[in-house]
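Peer 1: Sequence first, then the predicted structure, then my questions.
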Amino acid sequence: MVKITLPDGTKREYKNNITIGEVASNMDSLLGERALAGKAGGVPVDLSHPIKEDISLSVITENTEEGLEILRHSAAHIMAQAVSRLFPGVKLGIGPTIENGFYYDFGLQHSLSEEDLKKIEEEMARIINEDIAFERTELPRDIAMKKMESLCQPFKVELIKDIEDDKVSFYNQGEFVDLCRGPHIQRTSKIKAFKLLSVAGAYWRGKETNPMLQRIYGTAFFTQTELNKYLKFLEEAEKRDHRKIGKDLDLFSFHEEGGSGLTFWHPKGARMRNIIENFWREEHFKRGYEILYSPHIAKINLWKTSGHWNFYRESMYSPIEVDGHEYILKPMNCPFAVLIYKTKLHSYRDLPLRWGELGTVYRYERSGVLHGLLRVRGFTQDDAHIFCTPDQLESEILGVIELGQFMLSSFGFNEYEIELSVRGKGEKEKYIGKDDVWEHAESALKIALDKKGLKYTRMEGEAKFYGPAIDIKVKDAIGRGWQGPTIQVDFNLPERFDVNYVGPDGFHHRVVMVHRTVLGAMERFVGCLIEHYAGDFPLWIAPIQMRILPITDAHIDYAKKIQAQLLSKNFRVECDMNSAKINYKIREGVLEKIPYLLIVGDKEIGSNTVSVRSRKKGNEGTLPVEDFITNVETEIREKK
RNA sequence: GCUGCUGUAGCUCAGCGGUGGAGCACGUCCUUGGUAAGGACGAGGUCAUGGGUUCAAAUCCCAUCAGCAGCUCCA
C-alpha cells in the first residue's frame, strides 16, 4: 500500500503501483475525465505514472495554466510527427511551449511555406483523429544516444550529451518517437483546437554561429471557442499595428531614400509629438526639472572618456571627420549633461539638479531588428539626468516613480509590472563601484518602491555593470506589455568624468547620477500610443480634434465662421469644403478617426449651433457652439 | 547580421516570358445632398535599383537597397 497526500492535506491509501489517472478517477469521476497529468512530490508526471511510495500528489486538469502547457507541448509533438510523416528525414530540434502557444524547430532542406503549414495542419488533424496514445519509455543514456544516432537525429544526440541523468526519457505516438522529459496528455485526441501560425528561421539553440533551422509556431486550446478568442486577439493586434495606422492617418513614414530606421514625421504625427513634448516639458518644470539642449555630434574623445566607444562601438555610427578631428553622432545624451554640470563647482546646497532633455540620439541597430517606430536608428529620448547626494537618492527615485506614474496614467496606462535589477550574488568583480555604494543605491531603489506600495520582481544579476535600475513595463488596452519608464543609477560616468559636489565638510564628494526616461523615446512612445488607442486618440492628443462639415456649398461661410471661432480657442479644427455629399464627408471623417464632426446646414445657421457627431457616441444632436466649446474644454482638461 | 518571404499607379492588390490592369484616392465637370461611399470623364507607372539569361523580361537568374515574419541583439 502507498499513502498519498492530497493538496488539501488529506491522506489516502491505495494499492501499490496505482497510476495517477486511477487515483484521480477514484477520487471523482469528473476529475478523472479532466485530468491531464499529475504532480508527484511536486514533479509533473504522466497520468500513467505508477506510484510506488508514499508521496504528495496533485492532479493537473484542463483549464489551468499547467494543463494548457502540457496540452501545447503535446501539440508540438503531434506537429513534429506530422512534419516527420510529410518530410521523411527531417531533423528534429526542440519543441517547447511558449506564452500563448508552442513551436518546434526543424532541420529541413525544403523551405516551408504557408501551404505546407496547411498540409501539416491536415496531417495533425489526422493524427489527432487516429487517437494515438503517448507512451513514455526510459533508456540508459548511451543506448538513447545510439538510438538517436541510428534515427539520424543529430540535434537530439547533442541534447542527450547535455543531459546529466543516467536515464533519458522518450515519448512515442505510434511511429513517432521524440526525446522528451514530459509529461504529456494520454492520447492525441485530447487536442480539440489548434492552429499553426507562422514559420520563420531560428538558430539551433539560439546561437548565431549555429545552423539555422525552420521554426513553426502554433497554438492549441482545450476548446475551439478559446482558440477563436485567441485568433480574434491576434486580429485585433494586427488592426492596431501602428505601421498601418500611421500610414492610414498620415502620421509618419520611412523612406528607402532616407535610410532604414529613420522616421519622417508628417504634419499630423509631428503635431501629436509636439503636444506630448509640450505636456512633458510642463510637467517636468512643475517638478523642479530644468531643460537642456545638447549637440547631435561630439568629438570621439568624449565617447572614449565616457566608455561608450570602448563598450558599444558596434552600435554607434562611424566617425565623421571634420577639420582633422573625428566626431561621433551621439548614441546617448548623458556625457553632455555631465559636461554642463562640470562648467562650475556645485555645492551640496545646489543639489539635486534635475536636467531633462528631449535628446535625439542615433544608434546603429542591426537591419533585422528594425520595426516601425518601435525600433529605429534615430530617436528622441525623453531623457533626464539627476545629480544628487547619496542621501537624496531615495527621494529622487520616489519623485521619478511618481512622475512616471503620473505621465503613464495621463496616457491611459494604469497597469504595470516593475522590475528591480540588482547585482548578481558572488560576481562583484563584474560591477564598477564600491560595495557600500551599491548597497546604498539598491536599498534606496527598494525603499522608494516599498514606500509607494508597489509590487516588483527582484531581478538578481540583471543590473548593468554601472548601477542598479528600476524598469516599469506597462500594459496596453489589450493587455500587451510595453517598456515604460526606466530609472538607472550610474556609478560609471561620475567616476570617468570625475563628477563631484562640495559637501558640508568642504571636501569634494562623488556625485550620484541617475539616468531616467519616462516615455522612453518619442518614436517608440507614439508607436505604443497608436497601438494602445488603436488610433482613436483622446481629444487632447488627437492631431485633428474636430472637423466642420458644411452640408452644401451654401453653408461654407458659416462653417468658416465656426472654424475661426474654434481656432481662436486653440482647438485643432478643419473645415471640409469638398463638394461631396454629407454622408461621404462623414464617412471620411470617421475613417480618419476624428473625435468630433460638426455638421452645419440651414438648421444651424442663425441659431449659432452645430450638429455634433462624436467618434465615441455618434450623432449627439444640435448644440450651441458655446456649449460645445465648454464640453470639449472639459474633455481636454480631463485627458479622456 | 542570419533564415524565409515580399517590392507593379498616392493606397490595397491582380498580372508571372511576347512592349502594363482593377478598386479606392486624385483632377475636371454634372449633382447641393442632414449623420458611414451620387454620377460622368480624365490624368498617373524606366513594373525598387544595377547586372545577367533570352529573338523577346514586370515575369527567369544574380547582386544591392527597402519592407515583412522570426532568430540574434537592444548601453
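Peer 2: Now that the structure is in, tell me what you want to look at. Numbers count the residues shown, from 1 in each chain, chains lettered A, B, ... in the order given.

Peer 1: least trustworthy helix or strand in chain A by mean pLDDT?
Peer 2: Scoring the helices and strands of chain A by mean pLDDT, DSSP states H and E places helix A:29-34 at the bottom, with a mean of 76.

Peer 1: and that helix, how far out from the chain's middle?
Peer 2: With CA atoms, centre = their mean, to the nearest Å as the basis, helix A:29-34 stands 38 Å off its chain's centre.

Peer 1: same deal with stretch A:487-494?
Peer 2: 25 Å.

Peer 1: and the end-to-end length of it?
Peer 2: Using CA to CA, to the nearest Å, one end of stretch A:487-494 lies 16 Å from the other.

Peer 1: Remind me what the least confident helix or strand of chain A packs against, helices and strands.
Peer 2: Here helix A:29-34 touches helix A:20-27, strand A:55-61, going by 3 or more CB pairs under 8 Å, 6 or more residues apart in numbering; DSSP states H and E. Heads up, the C-betas are built off the backbone N, CA and C, glycines and all.

Peer 1: Quick check: what element follows it along the chain?
Peer 2: Using DSSP states H and E, the helix or strand that follows helix A:29-34 in sequence is strand A:35-40.

Peer 1: Does the closest residue to residue A:372 other than its chain neighbours belong to a helix, a strand or coil?
Peer 2: With CB to CB, 6 or more residues apart in numbering as the criterion, residue A:372 has its nearest non-adjacent residue at 4.2 Å, and that residue is residue A:243. Assigned with DSSP: H, G, I helix; E, B strand; the rest coil, residue A:243 falls in the helix class.

Peer 1: Quick check: residue A:243 touching residue A:370?
Peer 2: No: the criterion here is CB atoms under 8 Å, and residue A:243 misses it with residue A:370 at 11.3 Å.

Peer 1: roughly how far apart are the residue nearest to residue A:157 when sequence neighbours are not counted and RNA strand B?
Peer 2: Take residue A:157 and drop its neighbours on the chain: the residue closest to it by CB to CB, 6+ apart is residue A:148, 4.8 Å away. Applying CB to the nearest atom of the strand, to the nearest Å, the value for residue A:148 to RNA strand B is 23 Å.

Peer 1: Work out for me the element residue A:148 sits within.
Peer 2: Following DSSP H and E, one finds residue A:148 within helix A:141-150.

Peer 1: buried stuff in that helix?
Peer 2: A:144, A:145, A:147, A:148 (16 or more other CB atoms under 10 Å).

Peer 1: Same question for stretch A:185-197.
Peer 2: Buried residues in stretch A:185-197 (16+ other CB under 10 Å): A:185, A:186, A:188, A:190, A:191, A:192, A:193, A:194, A:195, A:196.

Peer 1: so what pLDDT did the fourth one get?
Peer 2: Think residue A:190. For residue A:190, the model assigns a pLDDT of 88.

Peer 1: I'd say it and residue A:70 touch.
Peer 2: No: Residue A:190 is beyond contact range of residue A:70, at 9.3 Å (criterion: CB under 8 Å).

Peer 1: Look up the residues that both of those two are in contact with.
Peer 2: Taking CB atoms under 8 Å, 6 or more residues apart in numbering as the contact rule, residue A:190 and residue A:70 both touch residue A:36.

Peer 1: Taking chain A, what residue is nearest to RNA strand B?
Peer 2: Distances between chain A and RNA strand B by CB to the nearest atom of the strand are smallest at residue A:368, namely 1.8 Å.

Peer 1: Can I get the least confident helix or strand of chain A as CSV, trimmed to CA atoms?
Peer 2: The C-alpha trace of helix A:29-34 is given here as CSV (Å, rounded to 0.1, in the frame of the first residue of the first chain):
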residue,chain,number,x,y,z
SER,A,29,-15.1,10.6,-12.0
LEU,A,30,-15.2,14.2,-13.3
LEU,A,31,-11.7,14.8,-12.1
GLY,A,32,-10.6,11.6,-13.8
GLU,A,33,-12.1,12.9,-17.1
ARG,A,34,-10.5,16.3,-16.8
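
Peer 1: got the contact list for that helix?
Peer 2: By CB under 8 Å, 6+ apart, the residues outside helix A:29-34 that reach it are A:21, A:24, A:25, A:26, A:59, A:61, A:62, A:63.

Peer 1: so which pair among these is furthest apart in space?
Peer 2: Longest distance between any two of the contacts of helix A:29-34 is 21.1 Å, between A:26 and A:63; criterion CB to CB.

Peer 1: Residue A:138: which of the contacts of helix A:29-34 is nearest?
Peer 2: residue A:21 (18.7 Å).

Peer 1: With adjacent residues omitted, what lies nearest to that closest one?
Peer 2: Spatial nearest neighbour of residue A:21, excluding adjacent residues (CB to CB, 6+ apart): residue A:47 at 3.5 Å.

Peer 1: Quick one: the helices in the stretch 501-640 of chain A, in order.
Peer 2: A:522-533, A:556-567, A:582-591, A:625-637 (DSSP state H, counting those that start in this stretch).

Peer 1: The second one near RNA strand B at all?
Peer 2: No: contact between helix A:556-567 and RNA strand B is absent, the nearest approach being 8.9 Å (criterion: CB under 7 Å from any atom of the strand).

Peer 1: how far does that helix sit from the chain's center?
Peer 2: For helix A:556-567, the distance to the chain centre is 44 Å (CA atoms, centre = their mean).

Peer 1: Likewise for the shortest one?
Peer 2: Averaging C-alpha positions (CA atoms, centre = their mean) puts helix A:582-591 35 Å from its chain's average.

Peer 1: Could you do stretch A:157-167 as well?
Peer 2: 34 Å.

Peer 1: got it, and stretch A:475-488?
Peer 2: Distance, centroid of stretch A:475-488 to centroid of chain: 6 Å (CA atoms, centre = their mean).

Peer 1: as a whole number, average confidence for that stretch?
Peer 2: Throughout stretch A:475-488, pLDDT has a mean value of 90.

Peer 1: do the same with stretch A:213-232
Peer 2: For stretch A:213-232, the per-residue pLDDT averages 92.

Peer 1: Next: stretch A:82-101.
Peer 2: On average, stretch A:82-101 scores 91.

Peer 1: show me the contacts for the residue lying closest to residue A:36 once chain neighbours are set aside.
Peer 2: The shortest distance from residue A:36 to any non-neighbouring residue, by CB to CB, 6+ apart, is to residue A:67 (4.8 Å). By CB under 8 Å, 6+ apart, residue A:67 lies in contact with A:36, A:37, A:60, A:61, A:222.
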